[in-house]
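S.K.: Just to be clear, the model below is a prediction. Sequence and coordinates:
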Amino acid sequence: MTSTAPPAKTSLWAGRILSALAVLLFVGTGLFSLLKPEVAAQASIRYGYPDGAMLRIAIVEIACAVIYAIPRSSVLGAILLTGYLGGAISTHVRAGEPFVLPLVVGIVVWLGLFLRDERVRALIPLRT
C-alpha cells in the first residue's frame, strides 16, 4: 500500500463533520423508527415490507452507523452503509419516489471517510 500524507487540518475536520452528520442522520432515523413504532408500521405497509420489518431495519441502520463511527472499523461501516443505502434507493424506486436523498447521503458517507482517512485516499487517489 502506498503511503499518503496525513490530511490537512481543514480536510480532517471537514471529513469528521461530514461523517458525524451522516452518523447523526442514521442513528436519528433509526431511533425514530424504534421510538415511534406506529409510524414505522405505516411506512412498512406503504413500502410493502412485512410486519415487524422496520424494527429489524432500524436496528441494522443503527448498528451500521455505529460501526462507521468507530475509526478502526469505519471502512467496513461505510461499505455496510452503502449496502443499506442501496436498499433504500431500491425501495424508493419501487415505490415510484425520488431517490436522490439516499444517493447524496451515500456520497457524504464516502466523502467524509475520504477526507479523514489516509487509507481510503491511498486506495482512491484523485491525484497522481
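M.R.: That came through fine.

S.K.: For the rest of this, base every contact and every neighbour count on C-alpha atoms.
M.R.: Noted.

S.K.: name the helices or strands packed onto the lowest-mean-pLDDT helix or strand in the chain?
M.R.: Every helix and strand in the chain was compared by mean pLDDT, DSSP states H and E; the lowest is helix 37-47, with a mean of 84. Helices and strands touching helix 37-47, as assessed by 3 or more C-alpha pairs under 8 Å, 6 or more residues apart in numbering; DSSP states H and E, comprise helix 9-35, helix 53-69.

S.K.: who wins for proximity to W110 among those?
M.R.: Nearest to W110, of all these, is helix 9-35, at 8.4 Å by C-alpha to C-alpha.

S.K.: Now do the buried residues in the closest one.
M.R.: Residues 11-12, 14-16, 18-24, 26-27, 30-31, 33-34 are the ones in helix 9-35 that count as buried (16 or more other C-alpha atoms under 10 Å).

S.K.: and if you look at stretch 121-128?
M.R.: Of all the residues in stretch 121-128, those buried under the rule 16+ other C-alpha under 10 Å are R121.
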